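> When you get a sec, could you give me coordinates for this:
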Amino acid sequence: MPLTDPLDTAFAALSDPTRRAILARLALGETSVTELSRPFAISGPAISKHLKVLEKAGLISRGREAQWRPARLNAGGLRRVADWLEIYRSYWDQSFDRLDVLLNQMQKEDPHGRSE
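From the prediction side, this is the model:
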């Protein structure tokens, strides 16, 4: 079944460690397919396939400057993912706050960490 939701497509693209590494490299600035393929033990065509998946997911864009086709991060696609994750931030914050309360309570009961 093809993915049609942009968020589903983005998370499917992010599920691959090579594509996440490509995004990490592109966070440093735009670059070529040749540069992107250097740290990986895979072919240029394989990197190109990864780039197509990332581009289809809206996570990167590719330009054309003469013979050079630089790849760059697409802020809009990454923003969709970040916005979705932000929904869960309050849950994480509340969970950590509850853990802090519990740990402080345990320290007050036995400040030296001794068990009885």
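> rest of the way, CA atoms for contacts and neighbours
Will do.
> and the longest helix seen in the chain, average pLDDT?
When every helix of the chain is counted residue by residue (DSSP state H), the longest turns out to be helix 89-109. The average pLDDT within helix 89-109 is 87.
> One more: stretch 6-26?
Stretch 6-26 comes out at a mean pLDDT of 94.
> As PDB, could you dump the C-alpha coordinates of it?
Listed in PDB are the C-alpha atoms of stretch 6-26, where the atom choice follows Å, rounded to 0.1, in the frame of the first residue of the first chain:
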ATOM      1  CA  PRO A   6       3.200  13.400   4.200                       C
ATOM      2  CA  LEU A   7       4.000  12.500   7.800                       C
ATOM      3  CA  ASP A   8       3.900   8.700   7.000                       C
ATOM      4  CA  THR A   9       6.200   9.200   4.000                       C
ATOM      5  CA  ALA A  10       8.600  11.300   6.200                       C
ATOM      6  CA  PHE A  11       8.700   8.700   8.900                       C
ATOM      7  CA  ALA A  12       9.200   5.900   6.400                       C
ATOM      8  CA  ALA A  13      12.100   7.800   4.900                       C
ATOM      9  CA  LEU A  14      13.600   8.400   8.400                       C
ATOM     10  CA  SER A  15      13.400   4.700   9.300                       C
ATOM     11  CA  ASP A  16      16.600   4.000   7.400                       C
ATOM     12  CA  PRO A  17      19.900   4.800   9.100                       C
ATOM     13  CA  THR A  18      21.600   5.700   5.900                       C
ATOM     14  CA  ARG A  19      19.000   8.300   5.100                       C
ATOM     15  CA  ARG A  20      19.300   9.700   8.700                       C
ATOM     16  CA  ALA A  21      23.000  10.000   8.200                       C
ATOM     17  CA  ILE A  22      22.500  11.800   4.900                       C
ATOM     18  CA  LEU A  23      20.200  14.300   6.700                       C
ATOM     19  CA  ALA A  24      22.800  14.800   9.400                       C
ATOM     20  CA  ARG A  25      25.400  15.600   6.700                       C
ATOM     21  CA  LEU A  26      23.100  17.900   4.900                       C
END
